[in-house]
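Enquirer: below is the sequence, then the predicted model.
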Amino acid sequence: MMNNPFVNFALKASGALLLAFFLHLGVLYTLNYPLFENHIVLSYVINLILVLKVFGILYLLRYKYKGQLGFLFLAGSIIKFAVFFIVFHPRFKADGVITKLEFASFFVPYLVGLILETVSLSKWLNKLDETSS
């Protein structure tokens with residue numbers, strides 16, 4: 001089971017986002033900002049779920065839509081931004097302004113997930129190319 005790219009990715013993504021979460025809290029603590037405001041926990045959880053879903057869908061479609069996986073990856077990014085605008089934007093904009101802390105509470109886990117997805121998907125697609133050559 002540990003040779004399964006999805007399982008490996010899920011473990012890496014969970015660990016990386018958990019580490020990023022604690023580092024994020026550490027920065028907030030060091031700067032004397034509130035730790036659990038701005039929907040930070042919800043943001044990390046939703047970003048992890050979305051990252052796993054997008055990667056899982058790509059994994060399931062890897063053979064059938066091999067040539068379109070890049071476009072499907074972009075579609076996943078669009079879905080993540082849609083979730084931001086549906087779930088987080090109204091909450092952040094409720095007082096009329098989106099603060100840097102609110103932006104960071106969404107963008108940090110989004111960026112960590114995006115980097116993980118991009119690097120992992122790139123390695124994974126290269127392996128697919130090697131096995132099909």
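Expert: Perfect, thanks for sending it. Given the structure is predicted, the values throughout are model-derived calculations rather than measurements.
Enquirer: from now on I want contacts and neighbour counts done on CA atoms only, so please keep to that.
Expert: Will do.
Enquirer: select the longest helix from the chain.
Expert: helix 100-132 (DSSP state H).
Enquirer: packing partners for that one?
Expert: Judged by 3 or more C-alpha pairs under 8 Å, 6 or more residues apart in numbering; DSSP states H and E, helix 100-132 is in contact with helix 5-30, helix 40-60.
Enquirer: what about that helix, distance to the chain center?
Expert: 7 Å (C-alpha atoms, centre = their mean, to the nearest Å).
Enquirer: which residue is the nearest non-sequential neighbour of the most centrally placed residue in the chain?
Expert: Central residue of the chain (C-alpha atoms, centre = their mean): G113, 2.9 Å from the mean position. Leaving out its chain neighbours, the residue that sits closest to G113 by C-alpha to C-alpha, 6 or more residues apart in numbering is V51, at 6.0 Å.
Enquirer: same deal with F6?
Expert: G56 (6.4 Å).
Enquirer: again, but for L121
Expert: Per C-alpha to C-alpha, 6+ apart, closest to L121 is F55, 7.9 Å.
Enquirer: what about the one you found, distance to S105?
Expert: 22 Å (C-alpha to C-alpha, to the nearest Å).
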